[in-house]
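Trainee: got a sequence here, can you model it:
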Amino acid sequence: MSKELDTLSVNAIRVLSADAIQKANSGHPGLPLGAAPAAFTLWSRFLNANPADPEWKNRDRFILSGGHGSMLLYSLLHLFGYGLTIDDLKEFRQLNSLTPGHPEYGHTVGVEATTGPLGAGLGMAVGMAIAERHLASVFNKEGFDIVDHYTYALAGDGCMMEGISSEAMSLAGTLGLSKLIILYDSNNISIEGSTDIAFTENVRTRFEAFGFQTLLVEDGNDVDAIANAIEEAKADTKRPSLIEIKTRIGEGCPAKAGQASAHGEPLGADNVAALRANLNWPIEESFQVPDEVYDYIKEFTAKSAETQEKWNALFDEYCAKYPEMKEKWDTYYDNEALVKGLYNIPEFAKPQEGNVASRNASGELINIIKDSLPNLIGGSADLAPSTKTYMKGEGDFSAATPEGRNLHFGVRELAMAAIGNGIMLHGGLHAFVSTFFVFSDYLKPMARMSALMNIPTTYVLTHDSIGVGEDGPTHQPIEQLATFRSIPNLLTFRPADYSETAAAWYTALNSNSRPVALVLSRQNLEPIPNASKKGALRGAYIAYDSEGTPDAIIIATGSEVSLAKEAKDILDAKGINTRVVSMPCMELFEEQSVTYKEGILPSSVTNRVTVEAATTFGWDKYATKHVGIDTFGASGPAAQVYEKFGINADAIVKLLTK
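Mentor: Alright, predicted model coming up:
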C-alpha cells in the first residue's frame, strides 16, 4: 500500500465532493470531507463488492446512514467504477440526475438503500445482517460458505441521536449480529452547533450496553488505525461492532473545519480554493482527478473481481454437489416461481365458515403460506399472540438459532419496519412485520420508505378500528387508514372476510414494487356469500347486488360490510333497490379501467353512502354522505362503542332515505 496514494485518493473524494456541492450551490460538504479517510479505507481494503457486477448476491453491503453526505458515496461510486461519470457528479442535486440530494435505491447503481431520515440506514443495516445470518443457516454447508458477507454502515451524531438507532442497535446486540460493523463518524457537530447542547452521552458505553464490541480511532485521518479497527471488528464472531472514529467536520478546509457551517451549505469558491491549497491538491481545475488515483483504485477493484470469481467457482462446485440446494436457491431468489399457483391452493382460498376475525384469518393463512414460501420471514413488535403472526413449527430467529423464521422485534415498531425493509433490500427473503394498527404511527416513516424504494415489505396491522373496544381511544385507530391511503405506491387492504384477507395476502406476496398493508380486525366478521376473490384483487366488487339498476349504493370496508348488508335489507324492504360494494383496497380500485369502475359504481347512481369505522376523510371521491367517526373513540364494549358513535344500519338507512 502506498501512503502517498492513499492520501491522494482520500483527497480526491474530498475535492470531488466539494466541487459538486459548490457547483450545485447546495449540499452538505462537512461529512464527505471528514469521513473520506474512513470510507476510502473500508472500500479499498475491506469491501467485497464488484463494480462490474453490482448485484452479486454475496457482496458486502455498505449503507450511508447519514444520507445528507451523499457526495461521499457518489465520489466513491465514481472512483471505484460503478458507472457514475464526472458529468454525473457535475449534475449533483439537479433534476433527473443520477446524483440526487440523498442516495435513492433503484436510482443510482451501487446505492443499497434510500437514506433520507437519519438513523434509518442503521435499521436497514440490521435487516441486511439478519438476512445474511438466516440465509447462511439455510444454505451453507461444510466447506461451502456461499452466504458469507458483512454489512457496514457509516453513521454520524445525528443518526445516534435518533431513537431508531437505539431500537435497532439494541436488537442487533441481542441477536449477536457479528457481521454488522458500524463506523461512527464522531465529530461532535450538528446543524445548531456543538452536540454538547443536546447530546453528551458516551455513545460507546451505550453500545457496550447493547452488546456491541466497541473500538475507538482517535485520529480520523489515520488510515492504518482505521484499517486495524475494522480488522479487529471482523475478528469478533460473537458481537456486532461499533468503531468510533474521531473526525473533524469539514476536514481540510481552513475556514470551515470543525465548524457547524460546514454541515449543510457549500464551502464557497474561495474556501474550495483554500481546501485545494491546504490539501496540496495538484490540479486547479474543478472535477479533475490525477490518473494515478484511478489506476491505484483499479488495483482494489481487480481484487474484488477476483474475490467474486473465487466465489463463483465455489458456488458452481456447491451446485454440482448439492443440486437440491441449487434449486432451493433459485426459488428463494425467484418470487414469481414461489407464489405461482398459491392462490389455487384449496386451503388458501377456502370459503369462510362462521364468523372469523380477519386477524385470525390472516394467522391461518400465514401458516398455510409458510409451507409454500420457505423464504417467508417475519414477526411482530412483541404482539404475535394478538396479531396472529407466529409461524408454527418454524422456530425463532436468535443468536443461537438463526435458522428460525419467526422474528421477535421487541417493542420497537420503528426499527422493526426499517429492519423489514433491510431484509427485503438484501434479497432472497420476503419479510412481514406486525403491530396494532394504531401503533402504525410509530412505523409510518419506514412504511413510507418502503413505498419510496419500491420494495414490497408486508405490514400486518391488526385491531383496525373502534372495534378494539375496551382499550379505549389510545388504541382505537381513527385517522390511520387515511394516513396509509395517502402514501404513494402503498396498497392498503381492509378485508371484510376470509376470502378478502386471502386476496390481500396474495396481493402482498405477488407484489414486486409496492408494500402492502393488511389492516385486520379484532372483532369477528361475517362471511360474504359467494365473495368474489377476483373482485377483491381489483380493489372493489359487488358484495350484495340489487335487483336491476340500483337506486342506492353503500360502499363499505371490513366489519362495516355486514352493517351495509343490514341496511340493504331494510332499504330493499322499503322499495329502494340497494347495492353493497365492498372496497377492501381503494388504491387498486382506482387503477381499474373506467368500464370496470363504472360497472361497480355507475355514475348515474348518486344516492350513495360510505361506511367505515374510521375518519371519513378521503371518501368524498365516492360519495357525499358518510357514516364514520371524525373524533377519537371511547372505552367500552365494541358493540356499545359502535352505537355511541352512530355506526349502525339505522344511520346508513337514514342517510339514503333523506
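Trainee: elements contacting the helix ranked longest in the chain?
Mentor: Secondary structure of the chain read by DSSP state H shows that its longest helix is helix 291-321. Counting contacts by 3 or more C-beta pairs under 8 Å, 6 or more residues apart in numbering; DSSP states H and E, helix 291-321 packs against helix 3-24, helix 70-79, helix 323-332. Where C-beta positions appear, they are placed from N, C-alpha and C, glycine not excepted.
Trainee: identify each buried residue in that helix, please.
Mentor: 293, 296-297, 300-301, 304, 307-308, 311, 314-315, 318-319 (16 or more other C-beta atoms under 10 Å).
Trainee: before we move on, what about stretch 326-340?
Mentor: Residues of stretch 326-340 classed as buried by neighbour count (16+ other C-beta under 10 Å): 326, 329, 332, 335, 338, 339.
Trainee: which stretches of this protein aren't confidently modelled?
Mentor: 1, 532 (pLDDT under 70).
Trainee: apply 90 and report the result again.
Mentor: For the chain, the stretches with pLDDT under 90 are 1-2, 334-353, 372, 529-534, 548, 658.
Trainee: centre-most residue in it?
Mentor: The chain has residue 421 as the residue nearest its centroid, 2.9 Å off, counting by C-alpha atoms, centre = their mean.
Trainee: how far away is it from residue 448?
Mentor: Per C-beta to C-beta, to the nearest Å, residue 421 is found 10 Å from residue 448.
Trainee: before we move on, what about residue 283?
Mentor: From residue 283 to residue 448 the distance is 42 Å (C-beta to C-beta).
Trainee: more neighbours: which of the two?
Mentor: Neighbours per residue (other C-beta atoms under 10 Å) separate residue 283 from residue 448, with residue 448 holding more: 21 against 12.
Trainee: my guess is the more buried one meets residue 487, correct?
Mentor: Yes. Here residue 448 lies in contact with residue 487, judged by C-beta atoms under 8 Å, at a distance of 5.6 Å.
Trainee: number of residues surrounding residue 231?
Mentor: Residue 231 has 11 nearby residues by other C-beta under 10 Å.
Trainee: so how far is the helix or strand hosting it off the chain centroid?
Mentor: Here residue 231, judged by DSSP states H and E, is contained in helix 223-235. Taking the mean of its C-alpha atoms, helix 223-235 sits 30 Å from the chain's own mean (C-alpha atoms, centre = their mean, to the nearest Å).
Trainee: relative to helix 223-235, how tilted is the helix or strand following it?
Mentor: Where DSSP H and E defines the elements, the next helix or strand beyond helix 223-235 is strand 241-246. On the basis of axes from the mean of the first three to the mean of the last three C-alpha atoms, to 10 degrees, strand 241-246 is oriented at 160 degrees to helix 223-235.
Trainee: tell me the buried residues in strand 241-246?
Mentor: Result for strand 241-246 [16+ other C-beta under 10 Å]: buried residues 241, 242, 243, 244, 245, 246.
Trainee: do a quick rundown of the helices in the stretch 301-450 of the chain.
Mentor: 323-332, 335-339, 358-372, 384-387, 413-426, 440-453 (DSSP state H, counting those that start in this stretch).
Trainee: show me what the shortest one is packed up against.
Mentor: Which is helix 384-387. With contacts defined as 3+ C-beta pairs under 8 Å, 6+ apart, helix 384-387 has these neighbours: helix 358-372, strand 430-436, strand 458-462.
Trainee: the second one packs against which elements?
Mentor: Of the remaining helices and strands, those touching strand 430-436 by 3+ C-beta pairs under 8 Å, 6+ apart are strand 376-380, helix 384-387, helix 413-426, helix 440-453, strand 458-462.
Trainee: in a helix, residue 509, correct?
Mentor: Yes. Counting by DSSP: H, G, I helix; E, B strand; the rest coil, residue 509 falls inside a helix.
Trainee: which non-adjacent residue is nearest it?
Mentor: Once flanking residues are discounted, residue 509 sits nearest to residue 339: 4.8 Å by C-beta to C-beta, 6 or more residues apart in numbering.
Trainee: now do that neighbour against residue 553, distance only.
Mentor: For residue 339, the distance to residue 553 equals 34 Å [C-beta to C-beta].
Trainee: for the stretch 551-658 of the chain, what spans make up the strands?
Mentor: 552-556, 578-582, 608-611, 626-627 (DSSP state E, counting those that start in this stretch).
Trainee: any chance of those in TSV, plus mean neighbour count and distance to residue 233?
Mentor: Formatted as TSV, the strands of the stretch 551-658 of the chain follow (neighbours: other C-beta atoms under 10 Å; distance: least, C-beta to C-beta, whole Å):
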stretch	mean neighbour count	distance to residue 233
strand 552-556	28	55
strand 578-582	27	54
strand 608-611	26	56
strand 626-627	24	57
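Trainee: between those, which one is nearest to residue 536?
Mentor: strand 578-582 (7.3 Å; C-beta to C-beta).
Trainee: and that closest one, what does it pack against?
Mentor: So strand 578-582, by 3+ C-beta pairs under 8 Å, 6+ apart, packs with strand 541-544, strand 552-556, helix 560-573.
Trainee: now do that strand: distance to the chain's middle.
Mentor: Offset of strand 578-582 from its chain centre (C-alpha atoms, centre = their mean): 36 Å.
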